[in-house]
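Peer 1: Next come a sequence and a model predicted from it.
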Amino acid sequence: MNLLLWRHAEAEDGQDDLQRALTRRGRKQAEAVAGWLRAHAPSDLLVMASPAVRTRQTADALGLDYAVVPDLAPDAAPVHVLAATGWPLSPRPVLVVGHQPTLGRVASTLLAGQDLPWSLKKGGLWWLARRQRDEDFQVVVRAVVNPEFL
């Protein structure tokens, strides 16, 4: 299974966390990473976004249909994110557009076997894959993309 974790791009400050929109810089970040995804992501990508405005705006940059999934809201538990994606057995690759600290915690859970406070940069993308080697299952990092390098 391929699991892509995309942190929403830079957003405005605001009182209502779910209504915060992307800044001009955030829109540029989202477009840059979306361009990379269009060139590299599998064509059958299933896209899921948090209900927050900033994650939906980030996902919009990709130009694909996506599902808004309440279990991906800010401060979601990694176990809920993984369950929503069907990890580790989803037949399709899944892109989650979400938040910190949740996405970093998902990555650490899969890669280190512990819920640790890892951080994904704003607008950043981590592509993880589960593979089988002999009798052993492994999680590998396929790519880490940060918008400032695109």
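Peer 2: Arrived safely.

Peer 1: What ranges does this protein have for its strands?
Peer 2: 2-7, 46-49, 67-68, 94-98, 125-133, 136-145 (DSSP state E).

Peer 1: Out of those strands, flag the one nearest residue 87.
Peer 2: strand 2-7 (6.1 Å; C-beta to C-beta). The C-beta positions use only the backbone N, C-alpha and C, and glycine is treated the same way.

Peer 1: ok, residues contacting that closest one?
Peer 2: With contact meaning C-beta atoms under 8 Å, 6 or more residues apart in numbering, strand 2-7 is reached by 33, 37, 41-42, 45, 58-59, 85, 87, 93-100, 103, 106-107, 110, 120-130, 142.

Peer 1: CA-only coordinates of it, as CSV, when you get a sec.
Peer 2: C-alpha atoms of strand 2-7 as CSV (Å, rounded to 0.1, in the frame of the first residue of the first chain):
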residue,chain,number,x,y,z
ASN,A,2,1.1,3.5,-0.7
LEU,A,3,0.2,6.2,1.8
LEU,A,4,0.9,9.8,1.0
LEU,A,5,0.7,12.4,3.9
TRP,A,6,0.3,16.0,2.7
ARG,A,7,0.2,18.7,5.4
